[in-house]
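J.: any chance you could fold what I've pasted below:
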Amino acid sequence: MNTLSRLTFACASLILMMLSVALIAYGLLDLIASVGLSRHEGREAVLQAVSYVVIAIAVFDVAKFFVEEEVIHTRSKKTLSEARMSLTKFITTIIIAIFIEGLVGVFETSGNYPEKIIYPAILIFCATFIVVALGIYQKLSISTEVQRKEKNIPE
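T.: I've put the predicted structure just below:
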């Protein structure tokens with residue numbers, strides 16, 4: 001069963017990696033196609049390309065995380081600090097993607113559609129909430145690790 005699970009994660013990761021590369025290519029092709037058009041459409045294409053690249057990098061990083069955590073390493077061999085660092089790295093990638101997507105959304109909507117600014121503002125708020133939640137998680141997990149070490153409890 002472990003081999004099937006690892007193979008499934010490997011295949012899913014490979015598909016995600018290919019899709020992220022395709023998303024970057026699509027964004028670039030869209031950008032190139034709109035270069036000769038109006039400044040407004042060029043600006044929109046640049047913002048859309050940034051959005052595609054950010055999403056693609058986040059998807060690629062998720063795929064890389066799956067390969068590293070589920071295909072190469074086994075979870076049962078992890079210490080608490082290794083698990084915390086791995087989760088922090090994963091969540092940080094998601095946070096960065098959400099922040100950048102929110103900022104791109106602010107730039108896209110602020111000039112032409114100010115009434116639609118609520119969605120990017122919510123994205124930025126959610127990313128901020130996740131940062132705070134990650135900080136609380138870090139504080140609690142480090143405190144737990146210190147307590148376990150003080151009591152000589154193995155991880």
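J.: quick one, helices of this structure?
T.: In the chain, the helices defined using DSSP state H lie at 2-33, 39-66, 80-112, 118-150.
J.: put together TSV for the ones you listed, with distance to I72 on each row.
T.: In this view, the C-beta of every residue, glycine as well, is placed from N, C-alpha and C. TSV is the format used below for those (distance: least, C-beta to C-beta, whole Å):
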stretch	distance to I72
helix 2-33	9
helix 39-66	10
helix 80-112	12
helix 118-150	23
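J.: TSV for those helices, including mean neighbour count and mean pLDDT?
T.: Below are these laid out as TSV (neighbours: other C-beta atoms under 10 Å; pLDDT from 0 to 100):
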stretch	mean neighbour count	mean pLDDT
helix 2-33	14	90
helix 39-66	18	84
helix 80-112	16	83
helix 118-150	13	90
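J.: for S110, which non-adjacent residue is closest in space?
T.: I117 (6.4 Å; C-beta to C-beta, 6 or more residues apart in numbering).
J.: give me the phi and psi for the one you found.
T.: phi -70, psi -10 (degrees, to the nearest 10).
J.: L103 is in contact with that one, correct?
T.: No. When contacts are counted by C-beta atoms under 8 Å, I117 is not listed as touching L103 (11.8 Å).
J.: can you pull the contacts of the residue most central in space within the chain?
T.: Geometric centre of the chain, nearest residue: I94, 2.7 Å, by C-alpha atoms, centre = their mean. Neighbouring residues of I94 by C-beta atoms under 8 Å, 6 or more residues apart in numbering: A58, I130.
J.: and it, how close does it get to T88?
T.: According to C-beta to C-beta, to the nearest Å, I94 stands 11 Å off from T88.
J.: before we move on, what about D61?
T.: Taking C-beta to C-beta, one finds D61 at 13 Å from T88.
J.: cool, V132 as well?
T.: From V132 to T88 the distance is 14 Å (C-beta to C-beta).
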